Each structure stands twice: as structure tokens, then as C-alpha cells.
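[1] need a 3D model of the following:
(2 chains)
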Amino acid sequence: MATRTPEQTADTPVPTNQEQHVVIFRLADEYYALDIQAVQEIVRMQPITSIPGSDAWVEGITNLRGRVVPVIDLRRRCGVRDSEPTAETRIVVVSSPNGMVGLIVDAVSEVMRIPSEQVEPPSTIVSVPENTYLRGIAKLEDRLVSLMDLDGVLPSHGTVGLGDAAHELAA
Amino acid sequence: MTSTGTRLQFDLDDDDVKLFCEEADEQLELLDNSLVQLEGEPDPDLVQQIFRAAHTLKGSSATIGHKKMASLTHAMETVLDAVRQGRKSPTSDVVDALLAALDALRVLAREVVTRIDSGTETARLQSDLLALLEETDAEAATVADDRPARRLPEAVTNAALAALHQGRSAFLVDVVFGDDCQLPSIRCFQVLQEMDALAEVAHTWPERAAIEAGGGEFALSAVLVGNTEEEHLHGALAAVSDIVQLQVRLLSAEEVEGPLQAAPAPAKAPPAEAGRPKLQVVDESAPAQAAGPARKAAQSVRIDVERLDGLMNLVGELVIDRTRLQQIREQLTPVLKDANLNELTDNFEETTAHLARVTDELQEEIMRSRMLPVRSVLTRLPRLVRDVASKCGKKVELLTAGEETELDRSVIEEISDPLVHILRNAVDHGIESPEERRAAGKPETGTVRVTAWNQETYIYLSVQDDGKGIDVDALRRKAVERGLVPKEVAEAATDEAVLQYIFFAGLSTAKVLSDVSGRGVGMDIVRTNIERLNGEIKVRSTRGKGSEFIIQLPLTLATTKALMVVAAGTVYALPLVSVTEALAEDDADIHSVNGRRTLRLRGRLLPVVDLARALGETRPRAIDASRFVVAAKHSDRQVAFLVDRLLGEQDVVVKSLGDLIGNRKGLTGATILGDGSLGLILDTASLVSEQAYPATA
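    Take a look at the predicted model:
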């Protein structure tokens, strides 16, 4: 999957005749999109075993047909306020360089193709510096959809346990 | 000449790389092990085995176009051939040159994977090897040949050399028929036909035309080229009647080029007994096969490890389902009984019990199929001992036993390093110098014994030396000096307990026991590695007599027996090997000592630690529940963990937490529980060492 940082997107406009195939999901009242290539499957909320001492946005691990898959709470990761799971809550399972990862979202709304000319770099609309996980905003007729950069959302290897590592060093 | 870092091209695809590496590793390991034994004791079977390994390597490297590797193995083969024919005796110079070449081969073989030129210089190694041959032993040269030397016609030589270069093999076949053979010409023709069927017959003595014309005699020799094996040729040719002597020998390129030495022929054909032809087969390949355990021809197939791992995972899921099914049965049985469905209940119970049994057997079988003999680790040791011993100026003999002991390949991969560390220490610090040994009335050559054996569900590895032993008093003093153990404790401790201090961090054996600096491997790291495998290590030692390190390991890492507990709502698996006792908190003898809750258990004082909190859990637990205490040990330290509930023992299938989560403090992995949810497997070693009181008596 080709990923672009916001800067690159700004410097090199995406060719116009292309479109992106994405899965659109909701976190609270905001819509986000992930490249469909990265999405392995979407499952209903299921039991998750929390890992003591891990970062707040790491919900834990779950059993996906015999595989142990870490699950991230996207609401907490994206700074959206917490809420209890509902009947619509889903786990979007994506493949990453660190293996499969589950992302908890409030609802998965649709799969669609977004023409590239409807996508703008995030800097023109959102100016929050820590939003490294956004690679563009798509302006659809009825709403705005943030295109999520998976590499930005998922921490690089080992950083999840940083809190603990520091603790161990101090000990 | 190529320089370091240049990209290399080889004539093979990715699948073949794997095959090539497997074969090369096998042969290199064989060489590694047997070359050391070559020195001094030129056992013909061993020489033959080594020659073959070099020959195979040459063939496979030539096939893929690895020129450097092919020409180096070629030089090795030439020297080995001289040794084989008795023209050169395997002195330590010869072995050194061969070992140096072997080291280079290892690097060259890696190039096939990396495809990057390692810049390994082979020209000097080759000339060193070939120079050895110029000083041919006078003693060895006495082996004379009573038959005229035979030379192949040039065209045949060239064709045979080309075939060798393509990785095929050349053989010299010598056949002698008995005196009483009625129709030698027909027997000759039969042998020729057999040879034609098996390989390309490059040349024969007498010539093919003569044999075909019925001019065969009582003896026949031939040079064959093909992709076959000596034993195969031997087997097929031995079937021809009236043969009294049959020899099939693999030829090196030198031999093909030079005069061919025949097998030492019997002075005359043995007299036939009462008209009954006696088949006296001189076979040099058969004994080698019987003697060389590495060449054991069991009926086997190569299976990709990934496939075995996949099978293991599937069985793991089956084990989970079995557990789940047993839970369902327990819930269902009363319901079915109430409904008067007794027959159905019995059927159901029988079936689930049978399924459980079959699943267990299946799991065990698959586990066994992943097992490898520990030999693959042990074969690397003679070389190591030789190198370390010669560096330290010591004389050491290594004896190994129990090479056939099998253990899971995952364990084999992990055990090699700790074993090497221990062995290195045994030679470096355990065995005394020849002078010291002589002064102590011991033989100059020290002995290190590495033994492997099976007992119940564990395998044991022992490294025993007859060196000077460990100075317990020095160890006791150092441990106190460095504040690792309170003085009173150390003084009260038995010598056996003090010996185990050797595994403490900060007590390097090197510094305590000898003046050789900078070479001691921290035994604490060795112990940590072994405990990570759910294993244990202990040491025994007698001053002046020697030391013994004993490693205990589980047969497999894929599953482990565990005590399942609940803490703060999460299920944890405590590896059973570390659990010493479990009891209700109310029954436990708990006191407050220096403000810490302490359990008195069998005369020892254990800190009482809330398991969930030790792991960094922040969620509150249900306060009202009565709790349990589980005592867990790590080497000689113990901790009592407070948990909410005990769920009983279970075989758990170990799964990784995944790269994203990585290695968590206090956790080694996850396991799937009967209800499909996940439990966490505890790393008792790290938890106990973090929480325990400093070494207690």
C-alpha cells in the first residue's frame, strides 16, 4: 500500500483520473476511511483480553479464529471521547507490517470509491499537528471523510510498551 | 577478481537456494564434526565419509556455478583423497588446513543466500592445501600398487571432467571373477549391461568392443559417470554370478586425470571351495554407512518446518475445542440425565472421551514429528572444544553421549547458545593447564563429557568436567562482598546452595574462579535463557574433582502445563514447572515483616505480591472475594502471588502476543481458553526475580 505523508500529498498532486477504493467508518460523529487493500475483514465486537500495563488505547488481544490479534481502540487513539460498545460497534481487522491488528470503530458505514480530485491534503482544513494519521480529507456531497494513514495510526514496533520499558529501567 | 559487496549471480531459483543450503549445512556440519576426529586416527570409514562430504559439496556448488566454493572443495577433496589412499597421513597441519578451508566454505555457502560477495580469499587456502601434498609421507608412500597404472584416453578424461563439473559423479569399478567361473566372457558382458543400465560407461578395461565380441576375461574394470551412488552400483553389480571381488569407488577429478590406482588386488584369486563359488564382497561403502550415524538411511521425507508448524497450530485449535467440549459435556450431562436420556448421555460421554484421547495422541505424534535428535547441536561441539582448548593451552578430550535424544526443534534452536557458553567455560575455567593437572596427579588431558537423556516429559543435558571444581568459599565471599546475599544467609547456606550463586547477575565465574579476564560468559544470562524455555539449570561441583552443569528442559515449547488463575478479571497461566504450592489466603501463614506482607511456608519467608498489581494492572478487583496464594519459584527464589481464583491445571498452547504488543514485562504469550477467550501466560522467571526478597537460604 502506498502511503503518503501530508507534505508529499501537497507537493505532488494526485493524478486526477484516479480513485481510491476505501472502507468508510464512523468514530462518534466523524467519518474516516481506510484503503480497502489494508482491510482484511470486519467482525462484530467480541471478547477482548486486556494487557495490564499497556497504553490506554491498546484495548488488548482477541482470538480471531485461533489467531491472537492485538486490538486498538481507535476512539482513544484519535482522541475522540470514550463510549460503551453498541450493536453497531465493529472491529476492523487490518494487516500491518507488525501483523494483523484490530481497530475498534463505532460503525462501518460503507465501501466506496472516492475520486482523487475530491481529496485535499489535510493541512488546508485541519491544522492539528499531531494528526499524523491523516493523509487527506475527501469532500463528499453530504459530509467530509478523513482518509486515515494506517502507518500513522499504528505505532512502530515496540513503542506500545514504552511506558513499561521506562519502568523497568528505573527499577 | 571480485571485491567485497559485489552482487553475485548463481544458477538457481529461490526454492533451490533452500535445498542447496540444507544440503550444504548438512555436509558442513558433518565435516565440522568429523574433521576433528580425523587427526591422528585415520579410520578408513571416517576418511571415506569426509571425502564424500567434500565431494558432495563440490558437486552442488559446481552445479549452481559457485566457482570459488567449487574450487576450494576441489582442493579439499584432493587432499582428502591422498589421505584416503594412504599417500598422506592426517597430521594436525592437514586438519588445520582443512578446518581453515571449512570456515571459508561456511562463508561462501552463505553467499548463495545473500548473493553478495563476502570477499573471502580462497586462493591461499587452496595453495596451502595443495602444498601439503608435495611433502608426501615416506611412510604412506610404501603403499604400492602391484598392477600397472591405468590411464583414461584423453577424450574420455575430458568428458568425465566435464560431467564432474556438472555435479555428476565418476566411479571406478573393479570386478574379479572366480577361477572356477565357467564363462567369464559372458559374466563380463553381464556386468557391462548392468553398468549401462545404471550409468554412462566412460571406459572399460578390456575395451567395450572386446567384451561385446566375447573377449571378456577374469577381471573387468570400468570408469562410470552418472548421478548414482556407490552403494546403488555395488548392489546392482553384486547380483551378477561368479564375482569374487567387487569394488566401486568414487573418483575425484585428480584421479580421473591421473593414473588410476586399482584397489589393492588380492595376490591371487581366492581358491574356490569344493566347486562352490564363494562371494567375497569387498565393499568400502557399507561399513561407512553402518558406522556413520549421520548417514542413517531411515525411511523419511523432508517436510517444511512451516508445514509442521501449521499442523501444530491446527492441533492446538483442536486441543482448545476438546477442552471446550468437555466443559459443554459437564453442563449438558445433568440436563440430559434429567430428561431421562441416559443412553444418549452415555454415548455422548464416550464419544467426547474418545475424541479427547485421539486429540491427545495426535498432538503427541505431531509434537514428535517436530523433534530432532540433539546430535545436531552436539556435532558442533568438538570443534569448539578444540579451538578453545588450543587458545587456552589446554589438553581436553570431549566425550558425548545420548546424541539420539530427541527434542523439539524450537528447543534445539534455543539451547545451542547456552550449551556452548557452558562448555566454553568448562574448558576455559574448569579444566586446569597440563602442568597443574600433572601436579595434582591427574592425567594431562582433561575430559569434558556432554550427555543428553530423556526422563519423563523432560530432557536433560549435562556438561561435566574433571577440572578443578568451583571454589565455594570464594563464591560465598564474593556474593557477600557484592551485596548479593546477606552475610548471615550466605554463612548458613549449604555448599550446594552457595554453588547456585554462580548464576547470579554480577558474579561472573571468570572473575571469581580464574584470572582469565574478559572471556567469562555471565552464567546469569545462561540461566535466564534456559528459564525462558521453562527449563532449569543446576550445578554440582567437588573441589579438585570437577563440576557438572545439568540443564532440564521441557520436550516442547509449543505447549506447556500451567496452573490457571484469575486476577482482576483476567485469566493467567502460571507454568506448572515454577509453581510450588497453592493455598487459600485464609489458611496461609501470613505476617507483616518490615511493612511487607510475608508468607511463611515450609520454613521460608516469601513476599506476598498482588499478581495483577505486579503486572501493572490498574483496574480494581472485587474486594469481597476470598483469595488464594500461589507460591512460584525461580531458581532459589520464591514469591507468593495473590490471585482471585484458581481454575485448575491445563495444557496450554503458547501463542505469541504479536509484534505490535511485543515482549511485555511478566508475560511470555497468550493462550486460547476453552470458551474461546484469551488468557495470558506469565513469565514467572522475570516476575519472581523482580519481586523476590534477595536470595534466601
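[2] distance check, the residue in chain A positioned nearest to chain B against residue B:402.
    Closest residue of chain A to chain B, Cβ to the nearest Cβ: residue A:53 (2.6 Å). Bear in mind the C-beta positions are built from the backbone N, C-alpha and C, glycine included. Look at residue A:53 and residue B:402: by Cβ to Cβ, to the nearest Å, they are 42 Å apart.
[3] residue A:84 now?
    59 Å.
[4] which stretches of chain A form helices?
    In chain A, the segments counted as helices under DSSP state H are A:6-11, A:74-77, A:150-153, A:162-170.
[5] need the least confident one among the ones you listed, by mean pLDDT.
    Here the lowest mean pLDDT among the helices of chain A goes to helix A:162-170, at a mean of 36.
[6] helix, strand or coil: sort out the one residue in chain B that gets nearest to chain A for me.
    As assessed by Cβ to the nearest Cβ, chain A sits closest to residue B:616 within chain B, at 2.6 Å. Here residue B:616 is coil, with the state taken from DSSP: H, G, I helix; E, B strand; the rest coil.
[7] rewinding a little: residue A:84 and residue B:402 - which one has more neighbours?
    Here residue A:84 and residue B:402 are compared on neighbour count by other Cβ atoms under 10 Å in any protein chain shown; more neighbours surround residue B:402, at 18 against 5.
[8] for that one, give me its contacts.
    With contact set as Cβ atoms under 8 Å, 6 or more residues apart in numbering or on different chains, residue B:402 has these partners: B:374, B:451-453.
[9] among the residues you listed, name the buried ones.
    Among those, those classed as buried by 16 or more other Cβ atoms under 10 Å in any protein chain shown are B:374, B:451-452.
[10] would you map out the domains in chain B?
    B:14-137, B:154-263, B:305-369, B:373-554, B:559-691 (automatic domain parsing).
[11] closest one to residue A:61 among these?
    domain B:559-691 (5.5 Å; Cβ to Cβ).
[12] what average pLDDT does the closest one get?
    Here the average pLDDT along domain B:559-691 is 85.
[13] then stretch A:54-66?
    85.
[14] number of residues surrounding residue B:488?
    For residue B:488, the neighbour count with other Cβ under 10 Å is 10.
[15] can you tell me the helix or strand for it?
    Residue B:488 belongs to helix B:487-492 when assigned by DSSP states H and E.
[16] could you do residue B:547 as well?
    Residue B:547 belongs to strand B:546-554, assigned by DSSP H and E.
[17] identify the residues contacting that strand?
    Counting by Cβ under 8 Å, 6+ apart, B:407, B:411, B:415, B:418-419, B:422, B:426, B:430, B:457-470, B:530, B:533-541, B:560, B:577 sit against strand B:546-554.
[18] same deal with stretch B:570-580?
    Contacts with stretch B:570-580, where a contact means Cβ under 8 Å, 6+ apart, come from A:49-50, A:52, B:534, B:536, B:554, B:560-566, B:611-612, B:617, B:630-634, B:638, B:641, B:643, B:647, B:649-650, B:652, B:671, B:673, B:677, B:679-682, B:684-685, B:688.
[19] can you select the buried ones from these in ChimeraX?
    Selection of buried members from the contacts of stretch B:570-580 for ChimeraX, criterion 16+ other Cβ under 10 Å:
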select /A:49,50,52 /B:534,536,554,560,561,562,563,564,565,566,611,612,617,630,631,632,633,634,638,641,643,647,650,652,671,673,677,679,680,681,682,684,685,688
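[20] so which of the contacts of stretch B:570-580 are in strands?
    Counted as lying in strands by DSSP state E, out of the contacts of stretch B:570-580, are B:536, B:554, B:560-566, B:630-634, B:638, B:641, B:643, B:647, B:649-650, B:652, B:671, B:679-682.
[21] ok, then the element right after the helix or strand of chain B with the lowest mean pLDDT?
    When each helix and strand of chain B is scored by mean pLDDT, DSSP states H and E, helix B:285-291 comes last, with a mean of 38. The first helix or strand that comes after helix B:285-291 along the chain, using DSSP H and E, is helix B:305-338.
[22] report the distance from that following helix to the chain centre.
    For helix B:305-338, the distance from its own C-alpha centre to the chain's C-alpha centre is 34 Å (Cα atoms, centre = their mean, to the nearest Å).
[23] which other helices and strands does the following helix or strand past that helix contact?
    Once helix B:305-338 ends, the next helix or strand along the chain (criterion: DSSP H and E) is helix B:342-369. Applying 3 or more Cβ pairs under 8 Å, 6 or more residues apart in numbering or on different chains; DSSP states H and E, we find helix B:342-369 packed against helix B:305-338.
[24] mean confidence score for the helix it packs on?
    Average pLDDT, helix B:305-338: 82.
[25] on that earlier part again, list the helices and strands the helix holding residue B:488 packs on?
    Applying 3+ Cβ pairs under 8 Å, 6+ apart, one finds that helix B:487-492 contacts helix B:472-481.
[26] what comes up buried for the helix it packs on?
    B:472, B:475-476, B:478-480.
[27] would you mind giving those as TSV with distance to chain A and pLDDT added?
    As requested, the buried residues of helix B:472-481 are exported to TSV (distance: Cβ to the nearest Cβ, whole Å; pLDDT from 0 to 100):
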residue	distance to chain A	pLDDT
B:472	31	88
B:475	26	85
B:476	27	88
B:478	24	84
B:479	21	83
B:480	23	86
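[28] pull the most distant pair out of the residues you listed.
    The most widely separated members of these are B:472 and B:480, with 12.8 Å between them, by Cβ to Cβ.
[29] now name the helix or strand holding the nearest residue to residue B:165 once chain neighbours are set aside.
    Spatial nearest neighbour of residue B:165, excluding adjacent residues (Cβ to Cβ, 6 or more residues apart in numbering or on different chains): residue B:62 at 5.3 Å. Residue B:62 belongs to helix B:44-63 when assigned by DSSP H and E.
[30] next SSE after that helix?
    Note on helix B:44-63: by DSSP H and E, the next helix or strand toward the C-terminus is helix B:67-84.
[31] circling back to that earlier point, other residues contacting whichever helix or strand comes after the helix holding residue B:488?
    Going down the chain from helix B:487-492, the next helix or strand is helix B:495-499, by DSSP H and E. With contacts defined as Cβ under 8 Å, 6+ apart, helix B:495-499 is touched by B:470, B:472, B:475-476, B:479, B:490, B:539-541, B:636, B:697.
[32] I figured residue B:54 hits residue B:80, correct?
    Yes. The pair residue B:54 and residue B:80 passes the contact test of Cβ atoms under 8 Å, sitting 5.6 Å apart.
[33] show me where the chain dips below the pLDDT cut-off.
    Picking chain A for this. A:1-17, A:123-132, A:156-171 (pLDDT under 70).
[34] look at chain B instead
    B:1-5, B:40-41, B:135-150, B:259-299, B:505-521, B:558, B:620-625, B:663, B:694-697.
[35] re earlier: how far off helix B:67-84 does the helix holding residue B:62 point, in degrees?
    In terms of direction (axes from the mean of the first three to the mean of the last three Cα atoms, to 10 degrees), helix B:44-63 departs from helix B:67-84 by 160 degrees.
[36] give the buried residues for helix B:44-63.
    Applying 16+ other Cβ under 10 Å to helix B:44-63 flags B:45-63 as buried.
[37] what do you get for stretch B:317-325?
    Buried, per 16+ other Cβ under 10 Å, within stretch B:317-325: B:318-323, B:325.
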